[in-house]
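>>> Next one to model:
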Amino acid sequence: MRASAVILTLCLAGAACGSRDSAPARYGLGRAATPAEIAALDIDATPTGHGLPPGHGSAADGAVLFQQKCAMCHGAQGQGMAPAFPALVGRDPKGEGFPFAKDWKITHTIGNYWPEATTVFDYVRRAMPHPAPGSLSNDEVYALTAWLLAANQVIPADAVLDSASLVKVKMPYHDRFVKDDRHGGAEVK
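Okay, the predicted model is just below:
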């Protein structure tokens with residue numbers, strides 16, 4: 001149902017309706033989130049490891065999970081399915097330099113662009129798989145993260161990740177990013 005039809009239905013049902021110039025103080029839709037609902041979504045993980053949950057996963061288990069839950073969008077080897085689903089695997093361009101500022105056509109992958117391994121975990125945990133974000137267990141997220149990092153030649157193919165080992169992973173181009181040192185207010189650059 002279109003939004004205008006919903007509003008009209010609410011108006012006809014006796015809900016408070018204002019004119020275009022004066023919106024009602026409260027529409028009467030929705031409710032405040034409960035503390036449990038907020039806690040369920042407050043699951044970010046920082047580069048220092050704060051917020052990483054207990055659990056573990058191997059790259060081998062991640063390979064199986066990737067085929068089951070990710071390959072339909074990102075390709076069997078993580079090569080991407082253009083135009084909607086990006087490549088996840090790839091270390092090109094290899095060698096010296098960091099040419100992304102000079103050539104915007106270079107594909108950004110986990111292996112050639114992401115600065116923090118914990119960000120891979122955090123993103124997969126909160127946003128994947130596309131049809132059901134947040135549906136993966138912690139062990140599944142660790143396994144998928146391990147496979148993605150191994151496929152990008154960041155960690156060994158037989159690696160097992162947990163919160164302690166994940167924070168120790170140094171991404172290939174970690175030192176190529178400029179730290180954001182802004183503090184807000186008048187100090188913002």
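>>> and the residue nearest in space to the middle of the chain, which of the three is it?
Centroid check for the chain by CA atoms, centre = their mean gives residue 123 as the closest residue, at 2.1 Å. Three-state assignment for residue 123 (DSSP: H, G, I helix; E, B strand; the rest coil): helix.
>>> Check it and give its pLDDT.
Per-residue confidence (pLDDT) for residue 123: 95.
>>> likewise the one 5 residues further on?
As predicted, residue 128 sits at a pLDDT of 95.
>>> I figured it hits residue 136, correct?
Yes. Counting by CB atoms under 8 Å, residue 128 does reach residue 136; the two are 7.0 Å apart. The C-beta positions use only the backbone N, C-alpha and C, and glycine is treated the same way.
>>> Which residues are in contact with each of these two?
Residues touching both residue 128 and residue 136 by CB atoms under 8 Å, 6 or more residues apart in numbering: 69, 144.
>>> so how far is residue 171 from residue 74?
For residue 74, the distance to residue 171 (CB to CB, to the nearest Å) stands at 19 Å.
>>> Revised request: answer the last question for residue 78.
Counting by CB to CB, the gap from residue 78 to residue 171 is 16 Å.
>>> Could you do residue 136 as well?
Separation of residue 136 from residue 171 (CB to CB): 22 Å.
>>> that's a strand at residue 91, yeah?
No. Under three-state DSSP, residue 91 sits outside any strand and is assigned coil.
>>> Tell me how many other residues surround the residue lying closest to it once chain neighbours are set aside.
Sequence neighbours aside, residue 111 is the residue nearest to residue 91 in space, at 4.4 Å (criterion: CB to CB, 6 or more residues apart in numbering). By other CB atoms under 10 Å, the residues close to residue 111 number 23.
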